[in-house]
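Student: compute the structure for the input listed below.
(chains A and B)
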Amino acid sequence: MDPAFMDSRLEAILARVRQGARLTRQDGILLYETPDLLGTGMIADTVRRARHGNIAYYVYNQHLNYTNICKNRCAFCAYAKDRQESGAYAWTLAQIEQHLMARIDEPVDELHIVGGLNESLGFDYYLDLLKTVKRIRPHAVIKAFTCVEIDYLSRVSGLGLDQTILRLREAGLEMMPGGGAEILNTRIHDALFPKKIDHARWIQIVKAVHRSGIRTNATMLYGHIETTEERVDHLITLREIQDETGGFSAFIPLAFHSQNTRLSHLPPTTAVEDLKAVAVARLMLDNFDHIKAYWVMIGEPLAQVALSFGADDLDGTIIEERITHTAGARSARGLTRDQMAAMIRSAGFDPVQRDSFYNPRN
Amino acid sequence: MTPLSDIIDKVRQNQRMDAKEAGILLAEADLLTLGSLAHSRRFFLHPDPVVTYVIDRNINYTNTCVSGCRFCAFFRPPGHGDGYVISFEDLAGKIQETLDLGGTQILLQGGMNPDLDLDFYETMLRFIKQRFDIHIHGFSPPEIHFMAQKFGLPVADVIARLQAAGLDSIPGGGAEILCDEIRARVSPDKCTADAWLDVMRRAHQAGMRSSATMMFGHLEQAHHVIAHLEKIRQLQDETGGFTAFIPWTFQPANTRIQVEKKTAVTYLRVLALSRLFLDNVPNIQASWVTQGDKIAQTALFFGANDMGSTMIEENVVAAAGVEFMLPLAELKRLIAKAGFTPCQRNCFYTLL
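Tutor: Now for the predicted structure:
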């Protein structure tokens, strides 16, 4: 049955989506700005069902944040600390091992490992970190380091970008998360994270990583100072990279949490923005397989609803989420497999536990 | 044509559906289909993109209760050391604060406390009305039914006495699920479904308006939810006295019913069905207290046209481990961010 749109402009977009035509920048802006939330969701759901039917994925994963010491100190971050600040930490390899051993009886399929740019950690630390994880968890996929960390490591190692990626790969790196992209735009970069790599470098690195055969995710941090146009341009930039490399696995919109950051005056994102972020991404990113509703950021209830707005993946069980909770997230720290599956079933979808590459487990 | 698409067509033409059709719609329609049907109906009934809210305070005059409902984490049995009856001094303080915050009404509810006589209720109402210009939305049907039994008076007489003492309207609480087979399992000592409906009928006949609620997600099945809606619709056809319907999900923490909490999607589906089935109830309220700010905002696209109360104070849901806070400014921001104009209303849904 054809959806009934409140905003008739969506009819033309649905028709184009059905023909397999690519949506334009204007379309993206319209989709963000239309008050017809459910109409936008219904078009996104059409695309989502064509790709994934009634399936919704989740992964059994564990997060490891090996250090919170970071020289970048981005304005939107509540997690980073300076070396001398109280609460600053960098895990030794023995501590990494402890964190892994604490959950060794659990069937963890993926380790999500990211940290700050800590100048006291040398390249060997990173190689040893990967090897340690691989030794203790030989069957789990290591999804580690954003492009920001890769840039940093390429400088610390003195090996250049391609050699650095190669060495990390040899040590056990199999996939990379999508963080550090924020909004790929000079204005936002200069205003919020001037010390972090800019969009040109992020793109250069992600392309090099994809060329090396490592797949990555891509993210967008929204809900701070960015405009609708900047969001759409960000999506188009990712779409163009994907056309070239095909190396992106999932796109994950990240709702900005302002508490304990230098932007704490900004209010939280609301559900309408969160659902739009998912739906518009599904429609603009026609060459991405997976759109994640990241429950840590938007809460479990809304993530469940987002499965009907274009999302096909709820990310993972996640043990010990730290970064977003430091910025005031009210979601749980982790969910069990049963909770994930029940959430998906109750939304009317069929849960599939996946590995990092979206192969079903069992 | 499948039965489902026939029903969807019927709904789109604003025709009344029966219980069987409601069952099919709830079981088979996908989330966004249900939502968009409910959202269209909402605009059919309320063409302006306005979402209303009321500034009020829940005042629980006593937590002592003989009912002992299994879903309740708030009550204390008679004789329990933590039992209380509010002092009139505290009551006055709470009401003054409410007025100072721009409030227009109080929601005055309490347990079925065997130590209170009818004079207590009448005196309390008069005390409030003599001192304050505030709307009293008070005493849910189980409380009124309890008073009628305890004082040996017909329900209509109790209502008349309370009304004469200052009661303005009746909240729709205590409805839970209006099916006795479920009530027998979750609230065996509370009034029957018919008794609940009878209190509302007599209140409406006395010229008082009321809301209606439904607490679901405990031991009921989908057909009980639909039976509940049907009873509300039937009485509304008869009296027209309901201003609003408020469905909300059972919060299991700290209670004696151990079930998984119903999810956001289930809530939104039932909310949308309520809007569609209750074609004679003008207002459908989102429950931010049980659903949180994100799903309450989402509910504005699933049939709700009202955000309920700012709830300067809320105790009952909080006792079951749920503490969503929503300051007035944030409530208005949520409404505006969803593309609606926030408007303060009174108990009769008149815009202020």
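Student: looking at it, A:H112 is touching A:M175, isn't it?
Tutor: No. If you go by CB atoms under 8 Å, A:H112 and A:M175 don't touch, sitting 9.4 Å apart. In short, each C-beta sits where N, CA and C put it, glycine included.
Student: who has more neighbours out of these two?
Tutor: The residue with more neighbours, out of A:H112 and A:M175, is A:H112; 23 against 19, by other CB atoms under 10 Å in any protein chain shown.
Student: can I take it that the more buried one is in a helix?
Tutor: No. Secondary structure of A:H112 (DSSP: H, G, I helix; E, B strand; the rest coil): strand, not part of a helix.
Student: which non-adjacent residue is nearest it?
Tutor: Closest residue to A:H112 apart from its sequence neighbours, by CB to CB, 6 or more residues apart in numbering or on different chains: A:H63 at 4.8 Å.
Student: in a helix, that's where the one you found is, yeah?
Tutor: No. Counting by three-state DSSP, A:H63 is not found in a helix; it is strand.
Student: which stretches of the stretch 101-250 of chain B form strands?
Tutor: B:105-109, B:135-138, B:169-170, B:209-216, B:242-249 (DSSP state E, counting those that start in this stretch).
Student: my error: substitute chain A in the last question.
Tutor: Assigned by DSSP state E, the strands in chain A fall at A:55-59, A:61-64, A:110-113, A:141-144, A:175-176, A:215-222, A:248-255, A:290-291, A:313-316, A:350-354.
Student: want to throw the strands of the stretch 101-250 of chain B into JSON lines with distance to chain A?
Tutor: Shown next, in JSON lines, are the strands of the stretch 101-250 of chain B (distance: least, CB to the nearest CB, whole Å):
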{"stretch": "strand B:105-109", "distance to chain A": "25"}
{"stretch": "strand B:135-138", "distance to chain A": "28"}
{"stretch": "strand B:169-170", "distance to chain A": "31"}
{"stretch": "strand B:209-216", "distance to chain A": "14"}
{"stretch": "strand B:242-249", "distance to chain A": "10"}
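Student: ok, the spatially closest residue to A:R201 that is not a sequence neighbour to A:I165 distance?
Tutor: Leaving aside its sequence neighbours, A:R201 sits nearest to A:D151 (CB to CB, 6+ apart; 6.0 Å). When distance is defined by CB to CB, to the nearest Å, A:D151 is 11 Å away from A:I165.
Student: ok, these two, which is more surrounded?
Tutor: A:I165 (24 against 21).
Student: and the closest residue in space to the more buried one that isn't next to it in sequence, what's its pLDDT?
Tutor: Closest residue to A:I165 apart from its sequence neighbours, by CB to CB, 6+ apart: A:S212 at 4.8 Å. A:S212 carries a pLDDT value of 97.
Student: quick check on the residue of the stretch 51-200 of chain B found nearest chain A: phi, psi?
Tutor: The minimum distance from the stretch 51-200 of chain B to chain A, using CB to the nearest CB, falls at B:V51 (12.4 Å). Main-chain dihedrals, B:V51, degrees, to the nearest 10: phi -120, psi 130.
Student: can you tell me what sits against stretch B:179-197?
Tutor: B:66-71, B:141-142, B:145-146, B:174-178, B:199, B:218-220, B:224, B:227-228, B:231, B:235, B:257 (CB atoms under 8 Å, 6 or more residues apart in numbering or on different chains).
Student: so where's the chain uncertain?
Tutor: Went with chain A since none was named. By pLDDT under 70, the weakly predicted segments of chain A are A:1-3, A:320, A:322.
Student: try chain B instead
Tutor: Applying pLDDT under 70 to chain B picks out residues B:1, B:315-317, B:319-325.
Student: need the helices for the stretch 251-362 of chain A, in chain order.
Tutor: A:271-284, A:295-298, A:300-306, A:323-326, A:337-346 (DSSP state H, counting those that start in this stretch).
Student: same check, this time on the stretch 1-150 of chain A
Tutor: Assigned by DSSP H, counting those that start in this stretch, the helices in the stretch 1-150 of chain A fall at A:9-18, A:25-33, A:37-52, A:93-101, A:123-136, A:147-157.
Student: do you know which of these lies nearest A:E226?
Tutor: Nearest of the helices of the stretch 1-150 of chain A to A:E226, taken as CB to CB: helix A:25-33 at 11.1 Å.
Student: surely B:L268 meets B:A299?
Tutor: Yes. Proximity of B:L268 to B:A299 meets the contact threshold set by CB under 8 Å, at 6.5 Å.
Student: point out the most buried one among the strands of chain A.
Tutor: Mean neighbour count (mean count of other CB atoms under 10 Å in any protein chain shown) peaks for strand A:313-316 among the strands of chain A, with a mean of 26.
Student: does chain B sit close to that strand?
Tutor: No. Using CB under 8 Å from any CB of the partner chain, strand A:313-316 never reaches chain B; the gap is at least 12.4 Å.
Student: so which elements touch that strand?
Tutor: Secondary-structure packing of strand A:313-316 (3 or more CB pairs under 8 Å, 6 or more residues apart in numbering or on different chains; DSSP states H and E): strand A:55-59, helix A:295-298, helix A:337-346.
Student: for chain B, find the nearest of the ones you listed.
Tutor: Between these, helix A:337-346 lies closest to chain B; by CB to the nearest CB that is 4.3 Å.
Student: next, the buried residues of that closest one.
Tutor: A:337, A:340-344, A:346 (16 or more other CB atoms under 10 Å in any protein chain shown).
Student: and the longest helix anywhere in chain B, does that touch chain A?
Tutor: When chain B is parsed with DSSP state H, its longest helix is helix B:222-239. No. If you take CB under 8 Å from any CB as the test, helix B:222-239 misses chain A, and the best it gets is 13.1 Å.
Student: what angle sits between that helix and strand B:242-249?
Tutor: Relative orientation of helix B:222-239 and strand B:242-249, computed by axes from the mean of the first three to the mean of the last three CA atoms, to 10 degrees: 170 degrees.
Student: any residues touching stretch B:5-20, and which ones?
Tutor: Against stretch B:5-20 from outside (CB under 8 Å, 6+ apart): A:1, A:4, B:1, B:21, B:24-25, B:29, B:33, B:37, B:40-41, B:44, B:223, B:226-227, B:230, B:276-277, B:279.
Student: what about A:E97, how many neighbours?
Tutor: With neighbours defined by other CB under 10 Å, the count for A:E97 comes to 16.
Student: contacts only, for it.
Tutor: So A:E97 contacts A:132, A:136 (CB under 8 Å, 6+ apart).
Student: residue of chain A with the smallest distance to chain B?
Tutor: Distance from chain B to each residue of chain A (CB to the nearest CB) is smallest for A:P301, at 3.4 Å.
Student: quick check, the residue in chain B closest to chain A?
Tutor: Residue nearest to chain A within chain B: B:A264 (3.4 Å; CB to the nearest CB).
Student: please verify my assumption that that residue contacts A:P301.
Tutor: Yes. In this structure B:A264 lies within contact range of A:P301 using CB under 8 Å: 3.4 Å.
Student: neighbour count: these two, which is higher?
Tutor: Comparing B:A264 with A:P301 by other CB under 10 Å, the one with more neighbours is B:A264, at 28 against 23.
Student: then the longest helix seen in chain A to CSV, C-alphas only?
Tutor: Across chain A, the longest stretch assigned as helix under DSSP H is helix A:228-245. C-alpha atoms of helix A:228-245 as CSV (Å, rounded to 0.1, in the frame of the first residue of the first chain):
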residue,chain,number,x,y,z
THR,A,228,21.1,21.2,8.0
GLU,A,229,23.2,22.0,4.9
GLU,A,230,26.4,20.9,6.6
ARG,A,231,24.8,17.6,7.7
VAL,A,232,23.7,16.9,4.1
ASP,A,233,27.1,17.8,2.7
HIS,A,234,28.7,15.5,5.2
LEU,A,235,26.5,12.6,4.0
ILE,A,236,27.3,13.4,0.4
THR,A,237,31.0,13.5,1.1
LEU,A,238,30.7,10.0,2.7
ARG,A,239,28.7,8.8,-0.3
GLU,A,240,31.3,10.0,-2.7
ILE,A,241,34.1,8.2,-0.7
GLN,A,242,32.0,5.1,-0.8
ASP,A,243,31.5,5.3,-4.5
GLU,A,244,35.3,5.4,-4.8
THR,A,245,36.3,2.7,-2.3
